[in-house]
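S.K.: Okay, here's the prediction I keep looking at, along with the sequence it came from:
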Amino acid sequence: MENILEVENLRKSFGHQLVIQDLSFKVGNQEIVGFLGPNGSGKSTTLKCIVGLYRPTKGEIKIGGYSIEKDREKALSLVGQSIENPTLFPNLTGRDHLKMMARWRGVDDKRVEEMVEFSDLGHHIDRKVGNYSMGMKRNTFILC
């Protein structure tokens, strides 16, 4: 099975505060994984390292076989993320967001329309996301 995500010996410190110490795991293609732990155990920090928001102090992260350090653009082109709260442009519609992300990722209009149907947002897809409920925002963000 091909691994879509590989984290090897990840370590992250903020100054003298060690947050993650030698974390390693792999996620196979089409696997669904839960990431659980107590508050302060480094879950969000790990995810932020994976999506390139934080630079690891040590270790290697590969997404789709691409190193986040050496092939950052290729690695991150395979990622969609919402770590804490979804961040969307409040004056754009859900459809606008999908089209924008599709352009950035080279996805055709047919696929955008498939995602619109899949979203189950119905007529709300053409409303500004600033008026969406939190659940609708998360749904839109995940599709992006």
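M.R.: All right, it came through fine.
S.K.: alpha carbons only for contacts and neighbour counts from here, please
M.R.: Noted.
S.K.: For stretch 25-44, the averaged confidence score.
M.R.: Average pLDDT, stretch 25-44: 88.
S.K.: Check the burial of Arg105 by counting its neighbours.
M.R.: For Arg105, the count of nearby residues is 12 (other C-alpha atoms under 10 Å).
S.K.: For Phe141, see how far away it is.
M.R.: To Phe141, Arg105 is 15 Å away according to C-alpha to C-alpha, to the nearest Å.
S.K.: Same question for Leu78.
M.R.: 15 Å.
S.K.: Looking only at neighbour counts, state which of these two leads.
M.R.: Between Leu78 and Phe141, counted using other C-alpha under 10 Å, the more crowded position is Phe141 (19 against 13).
S.K.: Quick one: neighbours of Pro116, just the number.
M.R.: Actually, residue 116 is Val rather than Pro. Neighbour count of Val116, defined by other C-alpha under 10 Å: 21.
S.K.: whoops, Ile68 was the one
M.R.: Neighbourhood size, Ile68 [other C-alpha under 10 Å]: 22.
S.K.: and what of Val19?
M.R.: For Val19, using other C-alpha under 10 Å, the count is 15.
S.K.: Thanks a lot, catch you later.
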